[in-house]
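S.K.: Could you look at this predicted model? Sequence included:
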Amino acid sequence: MTLPQLELMAAVVGARLVQHVQESLNISDVICWSDSQIVLHWLSTLKRFVQNRVKEMQTLIKYYPWYYCPTYDNLSDLLTRGIPADQLLQNNLWNSGPSWIQNQYNWPVWKRTENQMQTTTKTQTTFSDISLPSDTTKISVVCSIKCSTNEGIHQVINIEKYNKYFKLLRVTAYILRFISNCRNTQTKLTDELTTAEFENAEIRWLKCCQESTYPDEMSSLKSNTTKNPLVKQLPLFVDKNGIIRCEGRIHNAPLSDVTKFPYLLPNRHPLTRLIVLDTHENQLQERTLLLPI
């Protein structure tokens, strides 16, 4: 399921809870809140998968209205994003709800016509095959590997010729070392490749990939504006290495920054294909080692 569909399922669970509480406590007046603008949009526009869920929600809660709750005023997100228990007990949002909830005149106003509804289609969220499909009519976006500048690692290495991510990084690291040795004649590196050299090679390819695919997003982030819809939706930021990352709901989790803030990569780029293939093969090997003999 896509994230919008999962948010819709969460709204369905909420509607079922409303019906249960209403029947148990004999409540006559109910107001429903959601921080998903896509779900609110779907409540008035029925589509395929959405139709049955919305129909069930409207049957369960009848004519009761739905209102928009801004994401940062949604107290349930405190748990999904992660928060220490001692801070949760003292959190005003968790204990009392949003500050505006008791005054109807201060309720947030959601204007559907002013929002750009961004839904996700199956072709945009699935990576069905590692190699490019033969049926080119199924490809919605084809990414060019030409960077926005004339300088870059893509001018030296043709990524299309590589079928292994590690091999691409290894060759790139050796080329970067050769360039560094040519510039620095006094001290030259001749030992095995280091972790830093592999990381440098990876950063070069990630930046090249993003510069070629997301020039508008990169420009928007550098100018500190959030007009770009993708920058606003995810939201995006640029790390210390100049690579675009995505913020998420687990920013307080005890995980590494790479896990909490993943890199933004296009779904049809050759670099993305190599990364997905490499991860798939590594996970397969780990699972094979864990199988009993």
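M.R.: On my side now, so go ahead.
S.K.: can you pull out the helices in this structure?
M.R.: In the chain, the segments counted as helices under DSSP state H are 3-25, 37-42, 48-61, 77-81, 85-89, 92-96, 122-125, 165-183, 195-213, 215-222, 229-233, 257-260, 270-290.
S.K.: Tell me which of those helices sits nearest to E247.
M.R.: Closest approach to E247 among the helices of the chain is made by helix 257-260 (8.4 Å; C-beta to C-beta). Any C-beta I mention is one placed from the backbone N, CA and C, and that applies to glycine too.
S.K.: Can you give the contact residues for the closest one?
M.R.: 239, 248, 250-251, 253 (C-beta atoms under 8 Å, 6 or more residues apart in numbering).
S.K.: how about K240, what does it touch?
M.R.: If you count contacts by C-beta under 8 Å, 6+ apart, K240 has none.
S.K.: What score does it have for pLDDT?
M.R.: With respect to pLDDT, K240 scores 89.
S.K.: Could you check how far it is from L60?
M.R.: According to C-beta to C-beta, to the nearest Å, K240 and L60 sit 49 Å apart.
S.K.: can you list contacts of stretch 101-111?
M.R.: Taking C-beta under 8 Å, 6+ apart as the rule, stretch 101-111 contacts 37, 40, 67-70, 73, 100.
S.K.: if we go to 10 Å?
M.R.: Stretch 101-111 has contacts (C-beta atoms under 10 Å, 6 or more residues apart in numbering) with 31, 33-35, 37, 40-41, 66-70, 73, 75, 96, 98-100.
S.K.: ok, now stretch 188-197?
M.R.: For stretch 188-197, contacts defined as C-beta under 10 Å, 6+ apart pick out 169-170, 172-174, 176-178, 180-182, 200-201.
S.K.: one more time with 7 Å, if that's ok
M.R.: 170, 173, 176-177, 180-181 (C-beta atoms under 7 Å, 6 or more residues apart in numbering).
S.K.: Share the number of residues neighbouring I179, please.
M.R.: Neighbour count for I179, taken as other C-beta atoms under 10 Å: 11.
S.K.: ok, now which ones touch it?
M.R.: Counted by C-beta under 7 Å, 6+ apart, I179 has zero contacts.
S.K.: distance of it from W205?
M.R.: Separation of I179 from W205 (C-beta to C-beta) stands at 15 Å.
S.K.: Setting aside sequence neighbours, what's the nearest residue to L274?
M.R.: In space, and not counting its chain neighbours, L274 is closest to Y165: 4.0 Å by C-beta to C-beta, 6 or more residues apart in numbering.
S.K.: Double-check the one you found against T272; I have them as touching.
M.R.: No: applying C-beta atoms under 7 Å, one finds Y165 not in contact with T272, separated by 10.1 Å.
S.K.: between these two, who's got more neighbours?
M.R.: Applying other C-beta under 10 Å to Y165 and T272 shows that Y165 carries more neighbours, namely 20 against 17.
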